[in-house]
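*Asks:* Predicted model follows, preceded by the sequence.
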Number of protein chains: 2
Amino acid sequence: MTEGTRAHRREQTRRALLREGRRLFATRGYGAVGLAEIVQSAGVTKGALYHHFASKADLFRAVLHEVQQEVGREVAETAAAQDDPWEQLTTGCRAFLTASTAPGVQRIMLIDGPAVLGWSEWRALDEAASARHLAEALTTLVEQGVLTPQPVEPLTHLLSGAMNEAALWLAGSSGPRDLDDTWNALSRMLQALRAAPAPAPRP
Amino acid sequence: MTEGTRAHRREQTRRALLREGRRLFATRGYGAVGLAEIVQSAGVTKGALYHHFASKADLFRAVLHEVQQEVGREVAETAAAQDDPWEQLTTGCRAFLTASTAPGVQRIMLIDGPAVLGWSEWRALDEAASARHLAEALTTLVEQGVLTPQPVEPLTHLLSGAMNEAALWLAGSSGPRDLDDTWNALSRMLQALRAAPAPAPRP
DNA sequence: CTTTTCACATACCGACGGTATGCGAAGGTA
DNA sequence: TACCTTCGCATACCGTCGGTATGTGAAAAG
């Protein structure tokens, strides 16, 4: 043991805390997990935890950040593989649906996140990580005249909320049909936002 | 003091606990409110609380039930005032948006609810109280051929989630325009679900 | 080799959720 | 009225948990 330089071991401890914290928070929820269990699983003590994080909620914040970055990155990469902006939106939404349905994401990102950090902070973090991509895609489509001119922000919230709730439902009890059905309905909603093809977009 | 019969005083105490619990949970959140503060505000002791409720979470469950009943009742009454099923759906959705934006509802029903009771139980309670009306309205419209034939359940979750998130956003920071913009976008999404009398959008 | 820094362990504290028990008045019975 | 039972609630207490203060040994600095 005791291998490596000081900064290395520091990072190692931090990683272990994040890993075990994420695992436990994801499986049993923030409230039902004690710090003692986290530090024991990570092989350290509470002293180490409070040397890296200011509080239990702060550890959760770091875990949430990690999860959101993962989801956001996956959505962004999937969308970036498409050329057409409309395709970017649709494939991005599908990617979000599947990514946020994964275990180890649900409870942290969609359930405990708002409750532990408060909705406004959760919203800000979510905005920076993944909802930002949705807003950008919608803005682009509105500017290009693909979508009916309209404020993007309420649209972002409606779609984001729809997908979040759908992901929670899909993760719970779902036959393979449910994902398709959900996607069909969501796809139809997205189609509804398209501008009538006749008038040319304003330059 | 000590007025009234035994059952009357019992109900009186229960009401006080629900009232103060709701007030405190709504303003500061489930986690940040201690039982001591609740019972003190209600003018009783912890013994009384545990005589009426099995746990802190059980008190919260009762409070949540009360809030959901209120919202559900308001939505149902507003919708029932309409004759046309389509109007019932739209006015019901608008009623839900305004009702769930009210303070004293938000935090309990949309934030702490899923976190404290778990998503599945929260979903079941929400289903029984208000989402049920949405599902029934959608089912009726599908049966009448107003909506494109499609599974109702995923649709219910998408719309429910969209409205929940929109309500949280609207309650936070919003000019009066935001409610209109949100409603316009949501209205357009609902329209997209209608069975096409003539083919409207592009393939 | 000495000193400082730092990552972490140990020991401890107050607060909180939860429980066991005591008590006094309402309701039943003679 | 006298008595007993029930019950709604208060009081006292306990284990656990989040959080903090302090100690410690090894790596880095000099």
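*Replies:* All right, it came through fine. Numbering: from 1, shown residues only, chains lettered A, B, ... in the order given.
*Asks:* contact partners of stretch A:126-142?
*Replies:* A:65, A:68-69, A:71-72, A:75-76, A:79, A:85-86, A:88-89, A:92-93, A:96, A:109, A:113, A:123, A:147-150, A:152-153, A:155-156, A:159-160 (C-beta atoms under 8 Å, 6 or more residues apart in numbering or on different chains). For the C-beta atoms, the positions are set from N, CA and C on the backbone; glycine is no exception.
*Asks:* Filter these down to the buried ones and hand me the ChimeraX line.
*Replies:* Command for ChimeraX that selects the buried part of those, burial taken from 16 or more other C-beta atoms under 10 Å in any protein chain shown:
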select /A:68,71,72,75,76,79,85,86,88,89,92,93,96,109,113,123,147,150,152,153,155,156,159,160
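*Asks:* Please narrow the contacts of stretch A:126-142 to those residing in helices.
*Replies:* Among the contacts of stretch A:126-142, the members falling in helices (DSSP state H) are A:65, A:68-69, A:71-72, A:75-76, A:79, A:85-86, A:88-89, A:92-93, A:96, A:113, A:123, A:152-153, A:155-156, A:159-160.
*Asks:* of those residues, list those near chain B.
*Replies:* Restricting these to those near chain B by C-beta under 8 Å from any C-beta of the partner chain leaves A:Arg123, A:Glu153, A:Leu155, A:Leu159, A:Ser160.
*Asks:* hang on, isn't the fourth one packed against B:Ala162?
*Replies:* The one in question is A:Leu159. Yes. The pair A:Leu159 and B:Ala162 qualifies as a contact (C-beta atoms under 8 Å) at a distance of 7.1 Å.
*Asks:* Name the residues of chain A found near DNA strand D, please.
*Replies:* Chain A comes close to DNA strand D at residues A:2, A:5-7, A:33-36, A:46-47, A:50, A:55-57, as judged by C-beta under 7 Å from any atom of the strand.
*Asks:* filter the residues you listed to the buried ones?
*Replies:* Applying 16+ other C-beta under 10 Å to the residues of chain A next to DNA strand D, the neighbour count classes A:Val33, A:Leu35, A:Lys56 as buried.
*Asks:* And the last one, what's its pLDDT?
*Replies:* This points to A:Lys56. A:Lys56 carries a pLDDT value of 98.
*Asks:* Tell me which residues touch it, please.
*Replies:* Listed by C-beta under 8 Å, 6+ apart, the contact partners of A:Lys56 are A:Leu35.
*Asks:* DNA strand C contacts on chain A?
*Replies:* If contact is defined as C-beta under 7 Å from any atom of the strand, the residues of chain A in contact with DNA strand C are A:6-7, A:9-10, A:12-14, A:39, A:43-48, A:51-52.
*Asks:* Closest one to chain B out of the residues you listed, please.
*Replies:* When the residues of chain A next to DNA strand C are compared for distance to chain B (C-beta to the nearest C-beta), A:Lys46 wins out at 19.8 Å.
*Asks:* in chain A, which spans are helices?
*Replies:* The residue ranges that make up the helices of chain A, judged by DSSP H, are A:6-28, A:35-42, A:46-52, A:56-80, A:85-99, A:106, A:113-117, A:119-126, A:132-143, A:152-172, A:176-192.
*Asks:* any idea of the angle the longest one forms with helix A:35-42?
*Replies:* Just to be clear, that refers to helix A:56-80. Angle of helix A:56-80 versus helix A:35-42, following axes from the mean of the first three to the mean of the last three C-alpha atoms, to 10 degrees, is 60 degrees.
*Asks:* where does chain A dip in pLDDT?
*Replies:* Flagging of chain A using pLDDT under 70 yields the residue ranges A:1-3, A:197-203.
*Asks:* give me that answer again for 50
*Replies:* Low-confidence regions of chain A, defined here as pLDDT under 50, cover residues A:1-2, A:198-203.
*Asks:* Of all residues in chain A, which one is closest to DNA strand C?
*Replies:* With distances taken as C-beta to the nearest atom of the strand, chain A approaches DNA strand C most closely at A:Gly47, which sits 2.0 Å away.
*Asks:* centroid residue for chain A?
*Replies:* Residue closest to the mean C-alpha point of chain A, counted by C-alpha atoms, centre = their mean, is A:Gln68 at 4.1 Å.
*Asks:* Contacts only, for that one.
*Replies:* With contacts defined as C-beta under 8 Å, 6+ apart, A:Gln68 is in contact with A:Met109, A:Leu125, A:Asp126, A:Ala128, A:Ala129, A:Ser130.
*Asks:* now those: which count as buried?
*Replies:* Buried, going by 16+ other C-beta under 10 Å: A:Met109, A:Leu125, A:Asp126, A:Ala129, A:Ser130, out of the contacts of A:Gln68.
*Asks:* Excluding sequence neighbours, find me the nearest residue to the fourth one.
*Replies:* Which is A:Ala129. Setting aside the residues directly before and after it, A:Ala129 is nearest to A:Gln68 in space (C-beta to C-beta, 6 or more residues apart in numbering or on different chains), at 3.6 Å.
*Asks:* any idea how far chain B is from that neighbour?
*Replies:* Note on A:Gln68: its distance to chain B, by C-beta to the nearest C-beta, to the nearest Å, is 16 Å.
*Asks:* same question, A:Glu143
*Replies:* Here the distance between A:Glu143 and chain B works out to 17 Å (C-beta to the nearest C-beta).
*Asks:* do the same with A:Pro154
*Replies:* Counting by C-beta to the nearest C-beta, the gap from A:Pro154 to chain B is 4 Å.
*Asks:* Touching, that residue and B:Met163? I think so.
*Replies:* No. Contact criterion C-beta under 8 Å: A:Pro154 and B:Met163 do not qualify, at 11.5 Å.
*Asks:* Which one's more surrounded, those two?
*Replies:* Here A:Pro154 and B:Met163 are set side by side on neighbour count (other C-beta atoms under 10 Å in any protein chain shown), and the busier one is B:Met163, at 26 against 23.
*Asks:* if I read this right, that one contacts B:Thr101, doesn't it?
*Replies:* No. At 10.1 Å, B:Met163 and B:Thr101 do not qualify as touching, with contact defined as C-beta under 8 Å.
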